[in-house]
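Asks: Can you look at this prediction? I've put the sequence above it.
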Amino acid sequence: MAATHPTRPSRTTRAAGQRTAKQAWAGGLTAFAGVMLLLAGLLGVFRGIMAIAHDNVFVTTPNYVFKFDLTSWGWIHLVLGALAVVVSFGLVRPAPWARVAGVGIAGLVIIANFLSLPYYPVWSVVMIAMSGFIIWALCVVQGEETTMSP
């Protein structure tokens, strides 16, 4: 008497419309990273506008090694925020280039917030943590798992 064992669905069956749990998890992480990057980008844009328009909102530190004019920091945060918003739309779609660009932008946001830490300390720490979660979510996902099957 021969026993039959259940088999895993073949690739053709999965390609026909069934997504594995791993693919669903990866798609969820990519969507999470896209939304978080969109929020981080918008908040960076607002922080940049605030630093450009009203310098008196920020604390000034007289003896800081990485001292820039607050208007310069405003432009840096504004540009990084705008790039983050553009990349976040690529992550939601999901475009292949967006994962690499998302990790790069989130890394630059971490560096910029670290360097501007004395000017707005609590907010900089929050943005560093948020960008860390974005990098984690984008690096955990494998390349083929993020593509949606028809």
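Replies: In hand now; what should we look at? Residues are numbered from 1 along each chain as shown.
Asks: for the protein, which helix is longest?
Replies: helix 21-53 (DSSP state H).
Asks: Would you mind pulling up the elements that that helix packs against?
Replies: Packing partners of helix 21-53 (3 or more CB pairs under 8 Å, 6 or more residues apart in numbering; DSSP states H and E): helix 70-92, helix 96-115, helix 121-140. To be clear about C-beta, it is placed using only N, CA and C from the backbone, and glycine gets the same treatment.
Asks: Include mean pLDDT when you put these into CSV, please.
Replies: What follows is those, written out as CSV (pLDDT from 0 to 100):
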stretch, mean pLDDT
helix 70-92, 90
helix 96-115, 91
helix 121-140, 90
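Asks: could the ones you listed go into JSON lines alongside distance to L38 and mean neighbour count?
Replies: Converted to JSON lines, those look like this (distance: least, CB to CB, whole Å; neighbours: other CB atoms under 10 Å):
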{"stretch": "helix 70-92", "distance to L38": "4", "mean neighbour count": "20"}
{"stretch": "helix 96-115", "distance to L38": "11", "mean neighbour count": "19"}
{"stretch": "helix 121-140", "distance to L38": "10", "mean neighbour count": "17"}
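Asks: Adding distance to L42, write those out as TSV.
Replies: Shown next, in TSV, are the helices and strands packed on helix 21-53 (distance: least, CB to CB, whole Å):
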stretch	distance to L42
helix 70-92	6
helix 96-115	12
helix 121-140	12
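Asks: Brilliant, that's me finished.
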